[in-house]
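> just coords:
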């Protein structure tokens, strides 16, 4: 009997060892496979940064072969095809991913964005509505859909959408931030302030609310006074947040330090307050004290990706790239749709390795819930250069309009070479039908030309040209312009209206990648 038990025990031990070894082998194999997938994804992004699109496509396809549920691979592959101007292939890839992962929000947002870039607005809207039906608390979906509605000129619908969403999801403070942004653009100051207050009541250590306060109050003294008002009304938390933000904006750094000393409890330990305090000491040329304060901020306790980006920018300004990258990476891990953390990563590497820096721009394009072209334009606004362009149908139309109105240096030189006796040149007209404003560009003879655009409010738009103006046009050989059906008619001349739309010309400038600040507007 003893021998039998010994043999049985031996067999059991052997089986246990075999199972254990098999389990370890299986676990190690999974780890190896995952490591291989991550390596190929890194390689694919690197290829995109180097404009090696075919190699990137191969790498992403290899990942999908290994892991058919890898969302990053589908989105990256869609971007690779988009950069090659193969929108049909990009759409096919995203739809293939949705066959395997039919409920994945990220793939559906990418598909809707691609449709927007291709001008398939109705199809994109259907995707957004379907997504909201599946998940009524997703901030990314609300943000993407509200942005779509705004671009369609349906701002009132976007506001209603976000108001309802914020009411249903009071814990989602970013919905209140999105709502505040729309109220500010709509000139509804009181509603904007109420939304900011709600946002801060949920998460005081954030970035959006403080940026919006700067937009809402043209004078920092107004914000300081509002802070004092809240303090007197026993709303010290909100009051000091506003007051110290206003004091920093007004460059009253010593006063800010003095007010900070009056704080107590969790408000004094607030990462936002500590950041303002550290920045104030830096502005007062006391970097050692500033560094002591900033080191007391526990990054692990910061729960807003924008706030982490603000901290990362602080570290970048102090040339502490390691800490800047650590904060930015934590922000990306927390919310990979916030562009500022990618901007920090890009700027921390751009002087060392441009290709590595561009990788972070590519990663943002893949992660963003916006369309590829919108995300790309956001990168341009932050001066992140990927070395190529992504242009949507919307941007293409805007570029055509802008190039017809804005006269640049080269165009001006060609004009004056052709007409050496003329002192100025004029161009065509864009009519904003929604706001009833006509825009006309012109230039004057100069060695360095600055673009000028005239704005005509409530313009005289006519299908017929007055006889005296028509006679003058004939005398100067400009009768070919009669072929246009609409004209902007002034006292002395008429110019053809070649584009009409319900979008302000300033918005077309932004969409086309032009700096609004570089244009001089003259109101007529």
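That came in fine, so what should we check first? Because the structure is predicted, anything quoted here is derived from the model rather than measured. Residues are numbered from 1 along each chain as shown.
> what ranges of the stretch 251-400 of the chain fall below the confidence cut-off?
Along the stretch 251-400 of the chain, segments meeting pLDDT under 70 span 389-393.
> for it, what spans make up the helices?
Remark: helices assigned in the stretch 251-400 of the chain by DSSP state H, counting those that start in this stretch are 253-260, 265-268, 271-283, 287-294, 305-317, 321-334, 339-349, 354-367, 372-381, 393-405.
> packing partners for the fourth one?
Applying 3 or more C-beta pairs under 8 Å, 6 or more residues apart in numbering; DSSP states H and E, we find helix 287-294 packed against helix 271-283, helix 305-317. From N, CA and C alone the C-beta is placed, and that goes for glycine too.
> Arrange the helices of the stretch 251-400 of the chain in JSON lines, one row each, with mean neighbour count and distance to residue 62 as further columns.
As requested, the helices of the stretch 251-400 of the chain are exported to JSON lines (neighbours: other C-beta atoms under 10 Å; distance: least, C-beta to C-beta, whole Å):
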{"stretch": "helix 253-260", "mean neighbour count": "18", "distance to residue 62": "54"}
{"stretch": "helix 265-268", "mean neighbour count": "12", "distance to residue 62": "50"}
{"stretch": "helix 271-283", "mean neighbour count": "22", "distance to residue 62": "42"}
{"stretch": "helix 287-294", "mean neighbour count": "15", "distance to residue 62": "43"}
{"stretch": "helix 305-317", "mean neighbour count": "23", "distance to residue 62": "31"}
{"stretch": "helix 321-334", "mean neighbour count": "19", "distance to residue 62": "24"}
{"stretch": "helix 339-349", "mean neighbour count": "24", "distance to residue 62": "25"}
{"stretch": "helix 354-367", "mean neighbour count": "21", "distance to residue 62": "17"}
{"stretch": "helix 372-381", "mean neighbour count": "20", "distance to residue 62": "22"}
{"stretch": "helix 393-405", "mean neighbour count": "19", "distance to residue 62": "32"}
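> Output those as TSV; include the columns distance to residue 238.
Below are the helices of the stretch 251-400 of the chain laid out as TSV (distance: least, C-beta to C-beta, whole Å):
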stretch	distance to residue 238
helix 253-260	14
helix 265-268	10
helix 271-283	12
helix 287-294	22
helix 305-317	17
helix 321-334	24
helix 339-349	24
helix 354-367	33
helix 372-381	30
helix 393-405	39
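> Can you check which of these gets nearest to residue 523?
Comparison of the helices of the stretch 251-400 of the chain against residue 523 by C-beta to C-beta identifies helix 393-405 as nearest, at 15.5 Å.
> could you point out which element follows the closest one?
With elements assigned by DSSP states H and E, the helix or strand that comes after helix 393-405 is helix 409-418.
> what's the angle from the helix or strand just after that following helix to helix 409-418?
Sequence-wise, the next helix or strand downstream of helix 409-418 (DSSP H and E) is strand 424-432. Counting by axes from the mean of the first three to the mean of the last three C-alpha atoms, to 10 degrees, strand 424-432 lies at 130 degrees to helix 409-418.
> Excluding chain neighbours, give the residue nearest to the most centrally placed residue in the chain in space.
The residue lying closest to the centre of the chain (C-alpha atoms, centre = their mean) is residue 378, at 4.3 Å. Nearest residue to residue 378, sequence neighbours excluded (C-beta to C-beta, 6 or more residues apart in numbering): residue 339, at 5.4 Å.
> what about that neighbour, distance to residue 492?
48 Å (C-beta to C-beta, to the nearest Å).
> sorry, back to before: which residues are in contact with the residue nearest to residue 378?
Residues near residue 339 by C-beta atoms under 8 Å, 6 or more residues apart in numbering: 364, 368, 375, 378-379, 382.
> need the residues you listed in JSON lines with distance to residue 308, can you?
Converted to JSON lines, the contacts of residue 339 look like this (distance: C-beta to C-beta, whole Å):
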{"residue": "364", "distance to residue 308": "15"}
{"residue": "368", "distance to residue 308": "17"}
{"residue": "375", "distance to residue 308": "20"}
{"residue": "378", "distance to residue 308": "18"}
{"residue": "379", "distance to residue 308": "19"}
{"residue": "382", "distance to residue 308": "16"}
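> Pick out whichever of these sits closest to residue 96.
So of the contacts of residue 339, ranked by how close each gets to residue 96 (C-beta to C-beta), first place is residue 368, at 20.7 Å.
> so who does residue 230 touch?
With C-beta under 8 Å, 6+ apart, residue 230 has these contacts: 236, 238-239, 242.
> what are the ranges of the strands in the protein?
Taking DSSP state E, the strands of the chain run over residues 424-432, 437-444, 452-457, 461-462, 487-489, 494-501, 520-523.
> mean confidence score for the last one?
Put plainly, it is strand 520-523. Mean pLDDT, strand 520-523: 90.
> likewise the fifth one?
Mean per-residue pLDDT for strand 487-489: 89.
> now the second one
With pLDDT averaged residue by residue, strand 437-444 scores 89.
> what pairs with that strand, and is each one parallel or antiparallel?
Using DSSP bridges, strand 437-444 pairs in its sheet with strand 424-432 (antiparallel), strand 452-457 (antiparallel).
> Can you give me the buried ones in the shortest one?
The one in question is strand 452-457. Residues of strand 452-457 classed as buried: 452-456 (neighbour count, 16 or more other C-beta atoms under 10 Å).
> hmm, who's touching it?
Here strand 452-457 makes contact (C-beta under 8 Å, 6+ apart) with 405-406, 436-444, 488, 490, 505, 519-524.
> Would you mind listing which of those are buried?
Listed as buried from the contacts of strand 452-457 are 405-406, 437-443, 488, 490, 505, 519; burial here means 16+ other C-beta under 10 Å.
> gap between the closest residue to residue 402 other than its chain neighbours and residue 236?
Nearest non-adjacent residue to residue 402, counting by C-beta to C-beta, 6+ apart: residue 512, 4.4 Å away. Applying C-beta to C-beta, the value for residue 512 to residue 236 is 47 Å.
> about what we covered before: between the strands paired with strand 437-444, which one is nearest to residue 212?
Nearest of these (C-beta to C-beta): strand 424-432, 26.6 Å.
> State the mean pLDDT of that closest one.
Rounded mean pLDDT across strand 424-432 is 86.
> how about the nearest residue to residue 298, chain neighbours excluded?
In space, residue 298 is closest to residue 271, 7.9 Å off (C-beta to C-beta, 6+ apart).
> what residues are up against the one you found?
Residue 271 neighbours (C-beta under 8 Å, 6+ apart): 205, 297-298, 301-302, 307, 311.
> between the residues you listed, which is closest to residue 187?
Residue 187 has its nearest neighbour among the contacts of residue 271 in residue 307, at 27.9 Å by C-beta to C-beta.
> for the closest one, what are its contacts?
205-207, 271-272.
> Just flag the most distant two among these.
Farthest pair in these (C-beta to C-beta) is 207 and 271. Separation: 10.9 Å.
> Pretty sure residue 66 sits against residue 38.
No - Residue 66 lies out of contact with residue 38 (C-beta atoms under 8 Å); the separation is 10.9 Å.
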